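Undergrad: everything below, folded, please.
(chains A, B and C)
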Amino acid sequence: MRRYKNHFLIGKIVEVEAYLGEQDPASHAYNGKTKRNEVMFWNGGHLYVYFTYGMHFCSNVVTEQEGIGHAVLLRAVEPIGGLEVMARNRHITLRAERDKQNLCNGPAKLCEAFAIEREENGVDLCGDDIWIAEEQRPNSRPSIEKSTRVGITRGKQHQWRFFLRNNPYVSTGKPVQ
DNA sequence: CCACGGATTGGCT
DNA sequence: GCCAATCCGTGGA
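TA: Just a heads-up that it's a prediction; the model follows:
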């Protein structure tokens, strides 16, 4: 969830990938702490935002204790509330169901929809700007599928991508073999 | 539906 | 210089 300009932007996380720092050649933290990745080494519960491909931001939830650079990349979100604002942020119009599914179905798309950029790097997820709440459906049993991760060249063997089965809002990116 | 390539910055060798 | 935890438009089946 995000509080943004007098709106609530609400989404359900439907796809993530784990990046395990020093033991994971695909992780930004693989070669230790730098200015870019330093938030990855903070306490769990912070947001690590990075800029990539010269034009996109992607976001991660930092998961370990201080000094250990583990994080979970947020790859797709099912938009629940504030869709009009998200669509404006994404520069698209909501007409068909298809447009709704294209709103947040990628790590850079969800950042654009939720207006997550450089300024949000290091945000405390226990604060009141961006946070993660428990889903209000205690009896639901989501079936979680796993696969290899998307768009990487190293660490391909690990099945560290997790997503909800049959959820139409998962990303279109293809896992590496 | 699928494959391909261009866009465009910054981090690191 | 090389290339990336991506996205989107184009062109063909």
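
Undergrad: list the buried ones in stretch A:4-14?
TA: A:4, A:9-14 (16 or more other CB atoms under 10 Å). Glycine gets a C-beta too; all of them are placed from N, C-alpha and C.

Undergrad: now swap in stretch A:26-44 and tell me
TA: In terms of neighbour count (16+ other CB under 10 Å), stretch A:26-44 has its buried residues at A:26-30, A:37, A:39-42.

Undergrad: keep only those of the buried residues of stretch A:4-14 that are in strands.
TA: With strands taken from DSSP state E, the overlap with the buried residues of stretch A:4-14 comprises A:4, A:9-14.

Undergrad: need the residues of chain A near DNA strand C, please.
TA: A:17, A:19, A:26-29, A:40, A:48, A:50, A:52-56, A:58, A:60, A:71, A:73, A:90, A:92, A:102, A:106-109, A:149-153, A:171-173 (CB under 7 Å from any atom of the strand).

Undergrad: can you put the buried residues of stretch A:4-14 in TSV and add distance to residue A:141 and pLDDT?
TA: Shown next, in TSV, are the buried residues of stretch A:4-14 (distance: CB to CB, whole Å; pLDDT from 0 to 100):
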residue	distance to residue A:141	pLDDT
A:4	31	97
A:9	26	98
A:10	21	97
A:11	20	97
A:12	15	96
A:13	16	97
A:14	15	97
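
Undergrad: host element of residue A:110?
TA: In this structure, residue A:110 sits in helix A:107-113 according to DSSP states H and E.

Undergrad: spatially central residue in chain A, please.
TA: residue A:74 (1.6 Å; CA atoms, centre = their mean).

Undergrad: low-confidence ranges in chain A?
TA: Scanning chain A for pLDDT under 70 picks out A:138.
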